[in-house]
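[1] Based on what follows, work out the 3D shape:
(chains A and B)
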There are 2 protein chains.
Amino acid sequence: MTTTPGRQAPHRTDEGTLEVDVVVLGTGSGGKMVAQELARAGRSVAVVEATRVGGDCPYVACVPAKSLLLSARAGLPWTAAAAVRDEASQQRDDTAATEGLVEDGIHVLRGFGRLAGRGRVVVGDTEVRAPVVVVATGSAPVRPPVDGLDGAPTWTSVDALSSAELPARLVVLGAGAVGCELAEAYSGLGSEVVLVQRSGHLLSGEPAWVGEQLAESLRRKGVDVRTGASAKAVVRTGDEFALALDDGSDLPFDRLLLATGRAPNLPPGLDEVTVDARCRVLADGEPVPGLFAVGDVTGVSKYTHSANHQARTVVAEVLGHGRDADYSGVPRVVYTDPAVFCVGDTARTEGVLRASFDVGEVARAHLVEGVAGARGKRTGGRVELVADTATGVLVGAACLGPEADSWGAELALAVRARLDVDVLAHHVRAFPTWSEAIYPALRDLLDARA
Amino acid sequence: MTTTPGRQAPHRTDEGTLEVDVVVLGTGSGGKMVAQELARAGRSVAVVEATRVGGDCPYVACVPAKSLLLSARAGLPWTAAAAVRDEASQQRDDTAATEGLVEDGIHVLRGFGRLAGRGRVVVGDTEVRAPVVVVATGSAPVRPPVDGLDGAPTWTSVDALSSAELPARLVVLGAGAVGCELAEAYSGLGSEVVLVQRSGHLLSGEPAWVGEQLAESLRRKGVDVRTGASAKAVVRTGDEFALALDDGSDLPFDRLLLATGRAPNLPPGLDEVTVDARCRVLADGEPVPGLFAVGDVTGVSKYTHSANHQARTVVAEVLGHGRDADYSGVPRVVYTDPAVFCVGDTARTEGVLRASFDVGEVARAHLVEGVAGARGKRTGGRVELVADTATGVLVGAACLGPEADSWGAELALAVRARLDVDVLAHHVRAFPTWSEAIYPALRDLLDARA
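    The predicted structure follows:
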């Protein structure tokens, strides 16, 4: 454990005790932002980090995943893709991130933090006292209950995003965002990939058509997609491993990637984390004074951008201009090609109107297909809008298509700003952009209301 | 001149006279939309078209321009690019578009329409009488006043977008959207291109940095960009032509592309077209009953998507649920790479706050650069936001960057919906998307307001 002195000159009462204004457990996107913004606002801040300063995202999660996807798309060979990934991930070295915190005068304590009562965090031999404690300890992959996993060559997403190995045969268990992205990336980079999903379609939280169109796209890229299929057991035969599914099929693999979800990392001293709209940790429904949580550990919305939004919420609260977090416009993006961009309540069935349009019908799609035609590249996709029947406000949108991660942003803002379908339909979208696909769906919504 | 019978059974009073509910002069994007939507709503409709049904956009303007840009980007050789362009432009054959109108029961009259008094249009030997007349006659390239143009091998944008010839040396005069797009496309396809702009920067209506960054990008692609340079004369020496600039330099060319703007095509019988917010043509400041205009001829906003917006405005007005057109959120897009996306009042200097951010600083840019690094590809760009100081509402935005034509759409909607910077800053943008570049600029605007 090392400590570094801060500009804000905290009070070190005696050997092993540090008094600061704020202590943050965990330095992922959310924790790091809370620490830096409060330090820049003049607070004395200490952070506690057990692994890498910066959390998973830049080293072993979002960043290397997107890097591999882009490399696969660009046709890079595996060794080059792995090198580019490692460069994008700063070789998984948190020196620069640590220096960034130190430059902001933040105390960086290495180790696991334990909550030892109100305003007290213990890290090894050090006790940190602070009126504000922020829990930002993130989440970790869940190991699914499948017989025979022990001893089998499994990967978590962290392994898949830091390994130098390209498995010849990769089975991906779980088709959430991580499973789908890594299936596309590894398939594009040369692995033979099978993607196994228990529910009837990929991305089970989104409308069925999204998962079905994504499955089609992955199949065209060579991924063997199995939906409605449960993993029964891992079977070993000599040096060979296979995943047995409940439909009787066996999927031989060199690596089995477990992508079945993540669970909060609760720090010792905390049995669960539930937060209110100000990211205050609740105990028996009441905020615990001075105790906040941000990021995956809150279980609210497991995205880097959500963690950042929660971080801003805590910073504002601590600085005295608090404001509720608003998750209504939080995008859920899958960076496959075509990309998936969903926002709001895409699953709601009561009291809503729905309309959709084929992205492949807009002028831009015809143009792109014309140029890519010889390569058999498809530019299809869909945008579906969900509006509240009573108010006419857009409450959700699901998009799949080229650059949907870019053009979907308009719909996220519309949901967040509670815009009426009428205003959206009266807005002008540029010809020939992908955004034009939104217009016919809006028109259908308006017709349905009339 | 041919006529085709309509489902709405118009009254043909005698040889050479046709009575319909609506007659539309010109079948470009706006005129065609008015005709089709009103025909589908049960009105009897005649259209008058002197050139191609569908106007310029699908055959000799937007569509082939974007096709050439995409082909250049994909590295297609010229012959393939020209074939793809011609396919995208339907070989400049309007048969399908004409059939589309006929299927909707619309009378298609070929020839020039002349306004012959209220509710009367004459086309050749035919007089069309209609209580509603819509002028949608578009615009045509302006020939700049440069000595020696006659006899020189000049191109209009129509020529540049339909020619089978790849000029070895192409000089592009005028660096609006068309000039910039064609300079990038022809340079990428193998021409040696010089782009000449009289004002100090490309895209003179937008902030200087936009034109300057676009010039940098074009230069990196090999275009010789000359700003602040006026064309003095075309000089002929034997079989060789050169454009003489006022700075004393001579630019030898095989083709000189005139891209110095467009002027309205006024139909005979109309000296000028000024419209109100319902697209009613004004005479002495008052709407002429039953006379509308849409598209380039109105001079309001020379984009296909603006023509369509005006068309919807006219359709609504004719169908009795009129509503003012709203141009506040009309995007101005240049489909170069990086793309330019501007909206609203980017030029305003009084009573506004401005803030900007470097698109190259977001995580997405680092990821893309990592993969493309070996090729020296740059992913820079900028987003600038303009907010009204008094109200805090976003009134304009200028974006330049990869996929800006997609992610800029969020800002166009924000301007159209008059959203406050505060709501925009409180919205969550996905990591790692290009849209993240918007956030720091918003934050600076908020800080400036505080």
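
[2] Now chain A against chain B: closest residue?
    A:S406 (3.5 Å; Cβ to the nearest Cβ). C-betas here are computed from N, CA, C, even on glycine.

[3] in which helix or strand would I find that residue?
    helix A:404-407 (DSSP states H and E).

[4] Only the C-alpha atoms, please, for the helix or strand just after that helix, written as CSV.
    Heading C-terminal from helix A:404-407, the first helix or strand you meet, by DSSP H and E, is helix A:409-416. Output of helix A:409-416 as CSV, limited to C-alpha atoms (Å, rounded to 0.1, in the frame of the first residue of the first chain):
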residue,chain,number,x,y,z
ALA,A,409,-28.2,9.6,-30.2
GLU,A,410,-31.0,11.8,-31.5
LEU,A,411,-33.6,9.4,-30.1
ALA,A,412,-31.9,9.1,-26.8
LEU,A,413,-32.0,12.9,-26.4
ALA,A,414,-35.7,12.9,-27.5
VAL,A,415,-36.5,10.3,-24.8
ARG,A,416,-34.5,12.2,-22.1
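
[5] Which neighbouring elements make contact with whichever helix or strand comes after helix A:409-416?
    Downstream of helix A:409-416, the first helix or strand assigned by DSSP H and E is helix A:421-426. Judged by 3 or more Cβ pairs under 8 Å, 6 or more residues apart in numbering or on different chains; DSSP states H and E, helix A:421-426 is in contact with helix A:438-449, helix B:409-416.

[6] can you list contacts of helix A:421-426?
    Residues outside helix A:421-426 that contact it (Cβ atoms under 8 Å, 6 or more residues apart in numbering or on different chains): A:385, A:387, A:392-394, A:414, A:438-439, A:442-443, A:445-446, A:449, B:323, B:326, B:413, B:416-417.

[7] could you pull out the helices for chain A?
    A:29-40, A:57-60, A:62-74, A:78-88, A:95-103, A:157-160, A:177-189, A:208-220, A:304-318, A:363-372, A:404-407, A:409-416, A:421-426, A:438-449 (DSSP state H).

[8] Same list (those helices) but as a markdown table, adding mean neighbour count.
    As requested, these are exported to a markdown table (neighbours: other Cβ atoms under 10 Å in any protein chain shown):
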| stretch | mean neighbour count |
| --- | --- |
| helix A:29-40 | 26 |
| helix A:57-60 | 24 |
| helix A:62-74 | 24 |
| helix A:78-88 | 19 |
| helix A:95-103 | 16 |
| helix A:157-160 | 20 |
| helix A:177-189 | 25 |
| helix A:208-220 | 18 |
| helix A:304-318 | 24 |
| helix A:363-372 | 22 |
| helix A:404-407 | 29 |
| helix A:409-416 | 28 |
| helix A:421-426 | 21 |
| helix A:438-449 | 19 |
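
[9] So what would you say the end-to-end distance of stretch A:325-341 is?
    21 Å (Cα to Cα, to the nearest Å).

[10] Could you see whether chain B lies near that stretch?
    Yes - counting by Cβ under 8 Å from any Cβ of the partner chain, chain B is contacted by stretch A:325-341 at A:D326, A:Y327, A:G329, A:V330, A:P331, A:V333, A:F341.

[11] Strands - which of these land there?
    Under the assignment DSSP state E, the residues of stretch A:325-341 next to chain B contribute A:P331, A:V333, A:F341 to strands.

[12] what bridges to the last one?
    Per DSSP bridges, the residues bridged to A:F341 are A:V333, A:C399.

[13] Tell me the buried residues in stretch A:226-238?
    A:R226, A:T227, A:A229, A:S230, A:A231, A:K232, A:A233, A:V234, A:V235 (16 or more other Cβ atoms under 10 Å in any protein chain shown).

[14] just checking, the fifth one touches A:D247?
    Okay, so that is A:A231. No - using Cβ atoms under 8 Å, A:A231 makes no contact with A:D247, being 10.7 Å away.

[15] which residues are common contacts for the two?
    Counting by Cβ under 8 Å, 6+ apart, nothing touches both A:A231 and A:D247.

[16] what does the stretch 1-150 of chain A have sitting close to chain B?
    So the stretch 1-150 of chain A meets chain B at A:29, A:57, A:62-63, A:66-67, A:70-71, A:74, A:76, A:84, A:87-88 (Cβ under 8 Å from any Cβ).

[17] Redo these as JSON lines? Include distance to B:S187.
    Listed next are those as JSON lines, based on distance: Cβ to Cβ, whole Å:
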{"residue": "A:S29", "distance to B:S187": "41"}
{"residue": "A:C57", "distance to B:S187": "39"}
{"residue": "A:C62", "distance to B:S187": "36"}
{"residue": "A:V63", "distance to B:S187": "34"}
{"residue": "A:K66", "distance to B:S187": "31"}
{"residue": "A:S67", "distance to B:S187": "30"}
{"residue": "A:L70", "distance to B:S187": "26"}
{"residue": "A:S71", "distance to B:S187": "28"}
{"residue": "A:A74", "distance to B:S187": "23"}
{"residue": "A:L76", "distance to B:S187": "27"}
{"residue": "A:V84", "distance to B:S187": "29"}
{"residue": "A:E87", "distance to B:S187": "31"}
{"residue": "A:A88", "distance to B:S187": "31"}
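
[18] Let me have those in JSON lines, adding pLDDT and distance to B:S301 as columns.
    Listed next are these as JSON lines, based on pLDDT from 0 to 100; distance: Cβ to Cβ, whole Å:
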{"residue": "A:S29", "pLDDT": "97", "distance to B:S301": "41"}
{"residue": "A:C57", "pLDDT": "96", "distance to B:S301": "42"}
{"residue": "A:C62", "pLDDT": "96", "distance to B:S301": "40"}
{"residue": "A:V63", "pLDDT": "97", "distance to B:S301": "41"}
{"residue": "A:K66", "pLDDT": "98", "distance to B:S301": "37"}
{"residue": "A:S67", "pLDDT": "97", "distance to B:S301": "41"}
{"residue": "A:L70", "pLDDT": "96", "distance to B:S301": "36"}
{"residue": "A:S71", "pLDDT": "97", "distance to B:S301": "41"}
{"residue": "A:A74", "pLDDT": "94", "distance to B:S301": "38"}
{"residue": "A:L76", "pLDDT": "96", "distance to B:S301": "43"}
{"residue": "A:V84", "pLDDT": "96", "distance to B:S301": "43"}
{"residue": "A:E87", "pLDDT": "96", "distance to B:S301": "45"}
{"residue": "A:A88", "pLDDT": "96", "distance to B:S301": "41"}
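
[19] Which one of those is nearest to A:L400?
    Nearest to A:L400 among the residues of the stretch 1-150 of chain A next to chain B, counting by Cβ to Cβ, is A:K66 at 17.5 Å.

[20] wait, what's in contact with the closest one?
    A:E181, A:Y335, B:R364, B:L367, B:P432.

[21] how much space is there between A:A365 and A:V122?
    For A:A365, the distance to A:V122 equals 58 Å [Cβ to Cβ, to the nearest Å].

[22] Farthest-apart pair in the contacts of A:K66, please.
    A:E181 and B:R364 (14.8 Å).

[23] Send me stretch A:54-69 as CSV with only the CA atoms.
    The C-alpha coordinates for stretch A:54-69 follow below in CSV (Å, rounded to 0.1, in the frame of the first residue of the first chain):
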residue,chain,number,x,y,z
GLY,A,54,-9.1,3.5,-13.8
GLY,A,55,-11.1,0.3,-13.3
ASP,A,56,-11.9,-2.3,-15.9
CYS,A,57,-13.2,-0.1,-18.8
PRO,A,58,-10.0,1.2,-20.2
TYR,A,59,-7.9,-1.9,-19.7
VAL,A,60,-10.0,-5.1,-19.8
ALA,A,61,-13.5,-4.1,-20.8
CYS,A,62,-15.1,-1.5,-23.1
VAL,A,63,-11.9,-0.2,-24.7
PRO,A,64,-10.2,-3.4,-25.7
ALA,A,65,-13.6,-4.8,-26.8
LYS,A,66,-14.2,-1.9,-29.2
SER,A,67,-10.6,-2.1,-30.4
LEU,A,68,-10.9,-5.7,-31.3
LEU,A,69,-14.2,-5.1,-33.1
